[in-house]
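Asks: Quick one: sequence plus predicted model below, questions after.
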Protein chains: 2
Amino acid sequence: MLRRGFLVLGTAAGLLGGSASAFAQADPLPSWNDGAPKKAILDFVSRTTASGGADFVPVDQRIATFDNDGTLWTEQPIYFQFAFAIDRVKALAPQHPEWKDREPFKSVLANDIPGIVASGEKGLLEIVAATHTGMTVEEFSRIVSEWTATARHPRFNRLYIDLVYQPMLELMTFLRANQFKTFIVSGGGIEFMRPWTEKVYGIPPEQVVGSSGVVKFELRDGKPMLIKEPKVEFIDDGPGKPVGINRFIGRRPVFAFGNSDGDQQMLEYTAGGDGLRFMGLVHHTDAVREYAYDRQSHIGKLDKAWDEAVRRKWTVVDMKADWNTIYPFERK
Amino acid sequence: MLRRGFLVLGTAAGLLGGSASAFAQADPLPSWNDGAPKKAILDFVSRTTASGGADFVPVDQRIATFDNDGTLWTEQPIYFQFAFAIDRVKALAPQHPEWKDREPFKSVLANDIPGIVASGEKGLLEIVAATHTGMTVEEFSRIVSEWTATARHPRFNRLYIDLVYQPMLELMTFLRANQFKTFIVSGGGIEFMRPWTEKVYGIPPEQVVGSSGVVKFELRDGKPMLIKEPKVEFIDDGPGKPVGINRFIGRRPVFAFGNSDGDQQMLEYTAGGDGLRFMGLVHHTDAVREYAYDRQSHIGKLDKAWDEAVRRKWTVVDMKADWNTIYPFERK
């Protein structure tokens, strides 16, 4: 309740035009340094929630969407879902002796990432099929939960779900306190995210939009089952993101945050509506505390979306300069 | 607030085992006559919300799903979405002089329902393509909103959206007051329902699951657009309902209500989870106040699901006996 009180105060401070220093204790975004992105967020929320104001947005239109990989948690040195798939191949290998001599599994078992990449999209789909399908949705959810409770990131030696961005947790809490409904819109697998997004981000399963495989209903011995099949159903990336937003949410966001070219169309779609909008990108500039990458990166490439953001004056977060804390565990 | 107070009281009365007459004023389901279905609903909600009780369901698991056509509103003499499509064909006919001589449009323009049915699935898909696609999702939403604000049901001479069931509105309000999250899971088109479900049922767009066509993202003159294409994407009916629930909600319901064989798998899937569950069917038995139909009906056929409900002791509502009010406009 105290925290919520602070958040409400924070909004009130914004409305009253109070300076950040005078209301230091009420800062809803303590991990954000003073600067253009923080100011843009506070201004946007103040203006869209000021009833009677020119930029007021009714509560039912306060839809905020967030990319996941690289926007809410780290995505280097490989997407965490891919780390999960590699761990699963290793766990399942004793039941598949043939994998020792067969690509892409041979490369996976040898920790040969270039070898896996060389197997191309076909190889990646084989890995996904072997690790993500042929079971019920509940079994898959249990496997994901076990992995997120135990698997650790090689560089930070932390659980993967500990590598979420504290500033974005604060931002989502601040938005929700101001009656925005927060959604994840990720290229990642919807069923890979749902088991932990509520606990980690406060986002329930039905507010997670992601890529998916075909699922089939079956009665086995009279018991109803939903079986995950080795067939891609929907890729929620690039132009798929506005499509996924329309399908799952049915309303155009007024606020969207991403970090890569895969988020460009989501930001364009958000910008395309009437009235005040917020479009944000996280630029990974901190090789010491996290990672530094953009135009040349294979993972989370930020190139065309960055150019468009600069041209259209969208908010670009410089991680190194704008975030005083990156991970929750850094706080005392 | 007063109404909400009554609903909370209603729950308390259930917990205390108070008789319906002693707490008449606090009845959360006044349009339901005393009988097995009303008792089953009240008992289910009491038991699943009694903290510390053996049947307690945590708030995040309180997922309730409702079919729409025939469960929340009338579906006779034809599905209302089909009435919409027919009205649209007539409205668009001046721009399509060729329709006068071409099936299925010729039959539509002649109000020849058997002729339309004779055109088969191919004909129906042509009608859907001509009336539901080739525009942006926003344009379609606007067309639907105009139709629901003006089109009238031929028998009742009421707006179609007035033909919702008062007992089900009370039930959804009662469930929400007890922290259940209510969803629509309908074979109808998702974009046909979303423009009005919040106003009519209190269910926001993102809690509506339905059938859908392919939607494509395009930039036209730099403006982002979502265009509805003439291609079926997903049929949310029969075995598609558990699949749609998994895709959109990501949790198995503990409470589900339907009215036809198209809801059988949703009820089976709901029943297949652990702990106390509620499975309900509306049986249309009132030809005077609404319609009477079941095993032989082309629309909303209730045959196999009915047999399973009787065998497994699911709740079957006898509309004539169990509902003292059908439509909101009947109330003084």
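Replies: Sure thing, it's come through. Numbering: from 1, shown residues only, chains lettered A, B, ... in the order given.
Asks: Near chain B, which residues of the stretch 1-150 of chain A are found?
Replies: Contacts of the stretch 1-150 of chain A with chain B, taken as Cβ under 8 Å from any Cβ of the partner chain, map to A:60, A:137. (Glycine included, C-beta is placed from N, CA and C.)
Asks: for the stretch 1-150 of chain A, what spans make up the helices?
Replies: Taking DSSP state H, counting those that start in this stretch as the criterion, the stretch 1-150 of chain A contains helices spanning A:2-16, A:36-49, A:80-92, A:105-109, A:113-118, A:120-132, A:137-150.
Asks: right, and the ones you listed - which one's nearest residue B:135?
Replies: Shortest distance between residue B:135 and the helices of the stretch 1-150 of chain A, using Cβ to Cβ, is found for helix A:36-49: 28.7 Å.
Asks: Please export the C-alpha coordinates of that closest one as CSV.
Replies: Extracted in CSV, the C-alpha atoms of helix A:36-49 (Å, rounded to 0.1, in the frame of the first residue of the first chain):
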residue,chain,number,x,y,z
ALA,A,36,14.8,12.7,-21.6
PRO,A,37,13.4,9.1,-21.5
LYS,A,38,12.3,9.4,-17.8
LYS,A,39,10.8,12.8,-18.5
ALA,A,40,9.0,11.5,-21.6
ILE,A,41,7.4,8.7,-19.6
LEU,A,42,6.3,10.8,-16.7
ASP,A,43,4.9,13.5,-19.0
PHE,A,44,3.1,10.9,-21.1
VAL,A,45,1.4,9.3,-18.0
SER,A,46,0.6,12.7,-16.5
ARG,A,47,-1.0,14.0,-19.7
THR,A,48,-3.0,10.9,-20.6
THR,A,49,-4.4,10.5,-17.1
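Asks: who are the neighbours of it, in terms of helices and strands?
Replies: helix A:2-16, helix A:166-177, strand A:278-285, strand A:315-318 (3 or more Cβ pairs under 8 Å, 6 or more residues apart in numbering or on different chains; DSSP states H and E).
Asks: And those, which one averages the lowest pLDDT?
Replies: Among the helices and strands packed on helix A:36-49, helix A:2-16 carries the lowest mean pLDDT, a mean of 37.
Asks: Please, where are all the strands along the stretch 201-332 of chain A?
Replies: Along the stretch 201-332 of chain A, counting by DSSP state E, counting those that start in this stretch, strands occupy A:208-220, A:223-234, A:255-258, A:278-285, A:292-293, A:315-318.
Asks: Indicate which one of those is closest to residue A:39.
Replies: Of the strands of the stretch 201-332 of chain A, nearest to residue A:39 by Cβ to Cβ is strand A:315-318, at 9.5 Å.
Asks: For the residue nearest to residue A:262 when sequence neighbours are not counted, list the residues it contacts.
Replies: Using Cβ to Cβ, 6 or more residues apart in numbering or on different chains and skipping residues adjacent in sequence, the residue nearest residue A:262 is residue A:237, 4.7 Å away. Contacts for residue A:237 (Cβ atoms under 8 Å, 6 or more residues apart in numbering or on different chains) come out as A:187, A:211, A:262.
Asks: Dump those residues to JSON lines, plus neighbour count and pLDDT.
Replies: Formatted as JSON lines, the contacts of residue A:237 follow (neighbours: other Cβ atoms under 10 Å in any protein chain shown; pLDDT from 0 to 100):
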{"residue": "A:187", "neighbour count": "21", "pLDDT": "97"}
{"residue": "A:211", "neighbour count": "22", "pLDDT": "97"}
{"residue": "A:262", "neighbour count": "24", "pLDDT": "98"}
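Asks: what about the stretch 51-200 of chain A, any weak spots by pLDDT?
Replies: Along the stretch 51-200 of chain A, no part satisfies pLDDT under 70.
Asks: For residue B:313, see how far away the residue lying farthest from the centre of chain A is.
Replies: For chain A, the residue at maximal distance from the C-alpha centroid (Cα atoms, centre = their mean) is residue A:221, at 38.6 Å. Going from residue A:221 to residue B:313 by Cβ to Cβ, to the nearest Å gives 20 Å.
Asks: again with residue A:179
Replies: As for residue A:179, its distance to residue B:313 is 42 Å (criterion: Cβ to Cβ).
Asks: quick one, which of the two is more surrounded?
Replies: residue A:179 (13 against 9; other Cβ atoms under 10 Å in any protein chain shown).
Asks: Quick one: residues contacting the more buried one.
Replies: Applying Cβ under 8 Å, 6+ apart, the residues near residue A:179 are A:49, A:59, A:62.
Asks: count of residues packed around the second one?
Replies: Neighbourhood size, residue A:59 [other Cβ under 10 Å]: 10.
Asks: Give me the residues contacting stretch A:140-152.
Replies: Residues contacting stretch A:140-152 (Cβ under 8 Å, 6+ apart): A:83-84, A:87-88, A:132, A:135, A:158-161, A:191-192, A:194-196, A:228.
Asks: 6 Å instead?
Replies: For stretch A:140-152, contacts defined as Cβ atoms under 6 Å, 6 or more residues apart in numbering or on different chains pick out A:84, A:87, A:160, A:161, A:191, A:192, A:195, A:196, A:228.
Asks: Could you identify which of these has the most neighbours?
Replies: residue A:192 leads the contacts of stretch A:140-152 on contacts (other Cβ under 10 Å) with 26 neighbours.
Asks: Assess the claim that it and residue A:81 are in contact.
Replies: Yes - contact criterion Cβ atoms under 6 Å: residue A:192 and residue A:81 qualify, at 5.0 Å.
Asks: Any idea how far apart the tips of stretch A:254-263 sit?
Replies: Stretch A:254-263 stretches 15 Å from its first residue to its last (Cα to Cα, to the nearest Å).
Asks: I'd like the distance from it to the chain centre, please.
Replies: Here stretch A:254-263 is found 10 Å from its chain centre; the criterion is Cα atoms, centre = their mean, to the nearest Å.
Asks: Looking at the contacts of residue A:179, which is nearest chain B?
Replies: Closest approach to chain B among the contacts of residue A:179 (Cβ to the nearest Cβ): residue A:59, at 10.4 Å.
Asks: Show me which residues of the stretch 151-300 of chain A sit near chain B.
Replies: Contacts of the stretch 151-300 of chain A with chain B, taken as Cβ under 6 Å from any Cβ of the partner chain, map to A:194, A:205-206, A:215, A:217, A:223-224, A:226, A:239, A:242-243, A:246, A:249-251, A:265, A:268-269, A:272.
Asks: okay, which residue is most central for chain A?
Replies: Nearest to the centroid of the C-alpha atoms of chain A, with distances taken as Cα atoms, centre = their mean, sits residue A:68, at 0.9 Å.
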